[in-house]
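Novice: Generate coordinates for the sequence data below:
(chains A and B)
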Amino acid sequence: AQSVTQLGSHVSVSEGALVLLRCNYSSSVPPYLFWYVQYPNQGLQLLLKYTSAATLVKGINGFEAEFKKSETSFHLTKPSAHMSDAAEYFCAVSDDYKLSFGAGTTVTVRA
Amino acid sequence: NAGVTQTPKFQVLKTGQSMTLQCAQDMNHNSMYWYRQDPGMGLRLIYYSASEGTTDKGEVPNGYNVSRLNKREFSLRLESAAPSQTSVYFCASSEQEAYEQYFGPGTRLTVT
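Specialist: Numbering: from 1, shown residues only, chains lettered A, B, ... in the order given. You can find the predicted model right below:
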């Protein structure tokens, strides 16, 4: 079974600063990888996905993630944080019949 | 195109009561899922349905039952609610197993 580790349950950034959220997965075989965002009192929304095409994946709202097989990582970045980026972010990996989700990272953005 | 819809949005039950959470998707997806989300525990899979006519247990199935009514609808039933089932419940669907999933807005359930 796959596992996903998100480093840091809370990240605080200043508006305009870089957002970096870390995700590592356990598989040695390149899986499908996903980042989701959850705004307060809402469901999860797909930000971006990696499906073995380009290793740098661009998503919605200016986010991108880079797949690094040698590091089994799929970190999420955004060059300049906006107040509207305050949310919880989940990394997920394809795992047999389902997706396995990380525990989530809550992002707060300081004005 | 509504995506994934869930009813109700909120529910309060007393211990021992039963209820059914409804989920429907209009994306012609084959696979559907029920999760619960608890603080600090991420998303945990309760049951899933890989295709119409099939259902299987996930990580935390105890106390729940499901029905895949047709390709569009997947319901979750609590036969005898317990306080430990207080949670936010999400339904999701995907074109195929292990593909990206699309989530509903959630049902916030409190069992007293």
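
Novice: List the contacts of the nearest residue to A:Tyr39 once chain neighbours are set aside.
Specialist: Leaving aside its chain neighbours, A:Tyr39 sits nearest to A:Ala87 (4.9 Å; criterion: C-beta to C-beta, 6 or more residues apart in numbering or on different chains). (Each C-beta comes from the backbone N, C-alpha and C, glycine too.) Neighbour list for A:Ala87: A:37-40, A:106-107 [criterion: C-beta atoms under 8 Å, 6 or more residues apart in numbering or on different chains].

Novice: what's the answer for B:Ser51, then?
Specialist: With C-beta under 8 Å, 6+ apart, B:Ser51 has these contacts: B:30-31.

Novice: ok so, going back, between the contacts of A:Ala87, which is closest to chain B?
Specialist: Among these, A:Gln38 lies closest to chain B (C-beta to the nearest C-beta), at 8.5 Å.

Novice: so how far is B:Lys9 from the closest one?
Specialist: As judged by C-beta to C-beta, to the nearest Å, A:Gln38 and B:Lys9 stand 16 Å apart.

Novice: between these two, who's got more neighbours?
Specialist: Neighbour count, other C-beta atoms under 10 Å in any protein chain shown: between A:Gln38 and B:Lys9, A:Gln38 has more, with 20 against 10.

Novice: does that one really touch A:Ala86, like I thought?
Specialist: No - with contact defined as C-beta atoms under 8 Å, A:Gln38 does not count as touching A:Ala86 (11.2 Å).

Novice: got a list of what the residue lying closest to A:Gln6 once chain neighbours are set aside touches?
Specialist: Nearest residue to A:Gln6, sequence neighbours excluded (C-beta to C-beta, 6+ apart): A:Gly102, at 3.8 Å. Residues near A:Gly102 by C-beta under 8 Å, 6+ apart: A:4-6, A:23, A:90-92, B:42.

Novice: Go again with 10 Å.
Specialist: Residues in contact with A:Gly102 (C-beta atoms under 10 Å, 6 or more residues apart in numbering or on different chains) are A:3-7, A:9, A:21-25, A:35-36, A:89-93, B:42-43.

Novice: Tell me how far the closest residue to A:Ser3 other than its chain neighbours lies from chain B.
Specialist: The spatially closest residue to A:Ser3, leaving aside those adjacent along the chain, is A:Ser26, at 4.4 Å (C-beta to C-beta, 6+ apart). Counting by C-beta to the nearest C-beta, to the nearest Å, the gap from A:Ser26 to chain B is 15 Å.

Novice: Model confidence for A:Ser26, exactly?
Specialist: With respect to pLDDT, A:Ser26 has a value of 88.
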